[in-house]
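[1] Kindly generate the corresponding structure for this input.
(chains A and B)
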Amino acid sequence: MATRTETTQASPVRVVGFLCDWAVRSEGLLNPDDTLVGMPHVTVIRVPCSGFVKPGWLELALRSGAAGTFVCGCPMGDCLNREGNWIMEDRIDQLRKRLARQKVDPDRIAFFAYGLHDQQAFLDAVQAFVDRLRALGGGKA
Amino acid sequence: MYRRLLTGLQSATLRLDVGIQRVLPQDFNPLYYTGGLANLFLTVLVVSGILIFLYYEPSLEGAYASVEFLTRDVPYGVVFRGIHRYAADAYMVAILLHLFRNWFTDRYREARDSQWLSGMVLLVFSGLAGFTGYLLVWDERSQILTSLTVQALRSVPLVGNWLAEVFVGGPGVSDTTLPRFLFLHVGPAMALYVLLWWHYVRLRHPKIWPPAVWVLFGLGLLFILASVLPATSGRPAQPGASPEGFAVDWFYLWPYVLARWMAPGWALALVVALLAYGMVIPYTLRETPEERGLRALGQAVVVDENCTGCELCYYDCPYNAIYMVPSPAPGKSRAAANRKLLAVVVDSRCVECGICIGACPFEALELPRMLDRDVQQRIQRGAQAPAAAAT
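    Residues are numbered from 1 along each chain as shown, chains lettered A, B, ... in the order given. Model prediction:
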């Protein structure tokens, strides 16, 4: 935990993430202002299903100054609504191609799939994503 | 108490996935394909069943001999008899895993009750087809099972004797009995496919087949089991004899084990009560969304002015809850002005997942309590807010 706080203090990158209600348990994971515990530069918006997320929202996040944005759904194959995470993964693949044509690095968008008990794995993945974004440089803004 | 138990079971089910995914890649978890695996084994059952049917003779004198002929003299007969036997068990394991997993992970509530009910009826018919399969061999076990079933049916009030006569095709075991059993084996098995239509009718892209690696593994397992532990008959049935014990197949014959401690009628009543309880499970827990810890966001609503009739939401809705109807009037936005179709949400099927909202590029669908506008504001706040710890 201590090392994570140190890295975040050095980090200027801002990230907006979407977290499915049915994926990682969000209790104890979020601050009251919807940022991730230990990563105050990562804002998480909880959604009823990862398939709820419009690709346009991810683009909006990048346009508004976020360095990166991610969607976290349930493990592939285990979506409560059967297909939400497969559909979202497809949409993100297409969005990546679109971003590449617009000369935006597609790595600024990520899709994660973690279940109820995978809190730590989820936090690690977000941390790795943030580190990668830091290597890419800050947001487009 | 009951609710806490279910929450615990849900947590345990999902924790099991974490363990499985340490070993297997996420999308190869066999527990995600229990329905597809059941379909695989059902297909194996149908194919091997047809092969066995070619040799089977449904008569009191000929049944046992025809099965023995298949096992001993037909090339590979013992293998496909064994495959039929073990595929039946694998099928029951798969559908029970399917049942409990979908129960414990809440995948049966509200708009999904039609899948649950059709699943319970499928379970009844699968059990019937499975148990009558043990009667067809007409060995000592078949004889005991027949007499226990007749006893159980006779003890049903009012219609008991009639049921028993329908079951054995007359007042007692006679030449009509085995053709009757053969029908009771094949008939319910065919009905399974009609019921599967009901099971799938509200699902878009149902997962009806497991990944290739599980198909190969399942088939390989059946072949190995059928070769290492060949299926055999007991001693032939003797009219008038009263054999004592029998080898139990726990997946299909467990109610007959109960007959050791209770009258067969009560064992039947217990099975019926269990199935009846299964049917009402979706209607037992009437909690409000708040009690279930959900944010009730409301069912999806079509914004008439913006809908262009492009059908994207219709293709993505996992529950076929969106219908495209001929548009009664043009929409207001430029893209919607020339539409031919209009999306309509069927309330009774909508589970409030919002997948259609993600599908719609025209802002023509909304969840009433999580509007596009609000999400956009939160995105902008999150993207622009100076990081608290960095200040």
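[2] Lowest average confidence across helices and strands of chain A, where is it?
    helix A:2-9 (a mean of 45; mean pLDDT, DSSP states H and E).
[3] On the C-terminal side of that one, identify the next helix or strand.
    strand A:15-20 (DSSP states H and E).
[4] Spell out which strands sit alongside that next one in the sheet and which way each one runs.
    Neighbouring strands of strand A:15-20 in its sheet, by DSSP bridges, are strand A:39-47 (parallel), strand A:68-73 (parallel).
[5] JSON lines please, covering the ones you listed and showing distance to B:I95.
    In this view, the C-beta of every residue, glycine as well, is placed from N, C-alpha and C. Shown next, in JSON lines, are the strands paired with strand A:15-20 (distance: least, C-beta to C-beta, whole Å):
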{"stretch": "strand A:39-47", "distance to B:I95": "33"}
{"stretch": "strand A:68-73", "distance to B:I95": "27"}
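[6] among the ones you listed, which is the most enclosed?
    Burial of the strands paired with strand A:15-20 is given as mean neighbour count (mean count of other C-beta atoms under 10 Å in any protein chain shown); strand A:68-73 ranks first at a mean of 28.
[7] State the mean pLDDT of that strand.
    Computed over strand A:68-73, the mean pLDDT rounds to 95.
[8] Quick check: next helix or strand after it?
    Following strand A:68-73 in sequence order, the next helix or strand is helix A:84-101 (DSSP H and E).
[9] Go through that next one and flag the buried ones.
    Of the residues in helix A:84-101, A:84-89, A:91-92, A:95-96, A:99 count as buried by neighbour count, 16 or more other C-beta atoms under 10 Å in any protein chain shown.
[10] Please apply the same query to stretch B:369-376.
    B:370, B:372, B:375-376.
[11] can you give me the offset of it from its chain's centre?
    Taking C-alpha atoms, centre = their mean, to the nearest Å, the mean C-alpha location of stretch B:369-376 is offset from the chain mean by 37 Å.
[12] Please put the alpha-carbon coordinates of it into CSV.
    Extracted in CSV, the C-alpha atoms of stretch B:369-376 (Å, rounded to 0.1, in the frame of the first residue of the first chain):
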residue,chain,number,x,y,z
ARG,B,369,-32.1,6.7,-13.4
MET,B,370,-28.7,6.8,-15.0
LEU,B,371,-29.0,9.3,-17.9
ASP,B,372,-26.4,9.7,-20.6
ARG,B,373,-26.1,13.4,-19.6
ASP,B,374,-25.2,12.6,-16.0
VAL,B,375,-22.7,10.0,-17.0
GLN,B,376,-21.0,12.5,-19.3
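[13] Rounded mean pLDDT for that stretch, please.
    Averaging pLDDT along stretch B:369-376 gives 93.
[14] how about it, does it reach chain A?
    Yes: under the criterion of C-beta under 8 Å from any C-beta of the partner chain, chain A is reached by stretch B:369-376 at B:370, B:372, B:375-376.
[15] Would you mind pulling the contact partners of that stretch?
    A:45, A:47-48, A:52, A:54, A:57, A:60, B:295-298, B:354, B:357, B:363, B:366 (C-beta atoms under 8 Å, 6 or more residues apart in numbering or on different chains).
[16] rewinding a little: in JSON lines, list the buried residues of helix A:84-101 along with distance to B:V213.
    As requested, the buried residues of helix A:84-101 are exported to JSON lines (distance: C-beta to C-beta, whole Å):
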{"residue": "A:G84", "distance to B:V213": "24"}
{"residue": "A:N85", "distance to B:V213": "21"}
{"residue": "A:W86", "distance to B:V213": "18"}
{"residue": "A:I87", "distance to B:V213": "24"}
{"residue": "A:M88", "distance to B:V213": "25"}
{"residue": "A:E89", "distance to B:V213": "20"}
{"residue": "A:R91", "distance to B:V213": "27"}
{"residue": "A:I92", "distance to B:V213": "26"}
{"residue": "A:L95", "distance to B:V213": "30"}
{"residue": "A:R96", "distance to B:V213": "28"}
{"residue": "A:L99", "distance to B:V213": "34"}
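[17] near chain B, from those?
    Counting by C-beta under 8 Å from any C-beta, A:84, A:87-88, A:91 from the buried residues of helix A:84-101 sit close to chain B.
[18] got those residues as TSV, with pLDDT columns?
    Rendered in TSV, the data for these read as follows (pLDDT from 0 to 100):
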residue	pLDDT
A:G84	91
A:I87	94
A:M88	95
A:R91	95
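[19] Am I right that B:L14 sits in a strand?
    No: assessed with DSSP: H, G, I helix; E, B strand; the rest coil, B:L14 is helix; it does not lie in a strand.
[20] Which residue is the nearest non-sequential neighbour of it?
    Nearest residue to B:L14, sequence neighbours excluded (C-beta to C-beta, 6 or more residues apart in numbering or on different chains): A:L116, at 4.4 Å.
[21] Please, which helix or strand holds the one you found?
    Short version, using DSSP H and E: A:L116 is in no helix or strand.
[22] wait, what's in contact with it?
    A:22-25, B:11, B:14-15.
[23] got it, and B:W254?
    For B:W254, the contact set (C-beta under 8 Å, 6+ apart) comprises B:V248.
[24] what separates the host helix or strand of it from the chain centre, distance-wise?
    According to DSSP H and E, B:W254 maps onto helix B:250-258. Using C-alpha atoms, centre = their mean, the distance from the centre of helix B:250-258 to the centre of the chain it belongs to is 20 Å.
[25] what's the answer for stretch A:106-121, then?
    Stretch A:106-121 sits 7 Å away from the centroid of its parent chain (C-alpha atoms, centre = their mean).
[26] again, but for stretch B:73-83
    How far stretch B:73-83 lies from its chain's middle: 28 Å, per C-alpha atoms, centre = their mean.
[27] Need the residues that contact that stretch.
    Stretch B:73-83 is contacted from outside by B:44, B:48, B:51-52, B:55, B:67, B:69-72, B:222-223, B:225-227, B:229-231, using C-beta under 8 Å, 6+ apart.
[28] Now, those residues that are in helices?
    The helices, defined by DSSP state H, take in B:44, B:48, B:51-52, B:55, B:67, B:69-72, B:222-223, B:225-227 from the contacts of stretch B:73-83.
[29] and the angle for the helix or strand containing B:Q377 with strand A:68-73?
    Taking DSSP H and E as the criterion, B:Q377 maps to helix B:372-384. If you take axes from the mean of the first three to the mean of the last three C-alpha atoms, to 10 degrees, helix B:372-384 sits at 130 degrees to strand A:68-73.
[30] Over to the residue nearest to B:L14: give its phi and psi.
    phi -50, psi -40 (degrees, to the nearest 10).
[31] A:M76 against A:Y114, yeah?
    No: in this structure, A:M76 is not within contact of A:Y114 by C-beta atoms under 8 Å, at 10.5 Å.
[32] residue contacts, B:S233?
    B:64, B:67-68, B:71, B:137, B:139.
[33] Turn those into a markdown table, columns for neighbour count.
    Formatted as a markdown table, the contacts of B:S233 follow (neighbours: other C-beta atoms under 10 Å in any protein chain shown):
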| residue | neighbour count |
| --- | --- |
| B:Y64 | 21 |
| B:V67 | 24 |
| B:E68 | 16 |
| B:T71 | 19 |
| B:V137 | 22 |
| B:D139 | 22 |
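[34] got these as TSV, with pLDDT and distance to A:R108 columns?
    As requested, those are exported to TSV (pLDDT from 0 to 100; distance: C-beta to C-beta, whole Å):
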residue	pLDDT	distance to A:R108
B:Y64	94	71
B:V67	95	66
B:E68	94	70
B:T71	93	65
B:V137	93	65
B:D139	90	69
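[35] farthest pair in those residues?
    Maximum pairwise distance among the contacts of B:S233 (C-beta to C-beta): 11.7 Å, between B:T71 and B:D139.
[36] Could you double-check that B:G130 lies in contact with B:F251?
    Yes: in this structure B:G130 lies within contact range of B:F251 using C-beta under 8 Å: 7.3 Å.
[37] ok, the residue nearest the centre of chain A to A:V130 distance?
    Centroid-nearest residue in chain A, with C-alpha atoms, centre = their mean: A:F70, separated by 2.3 Å. Going from A:F70 to A:V130 by C-beta to C-beta, to the nearest Å gives 10 Å.
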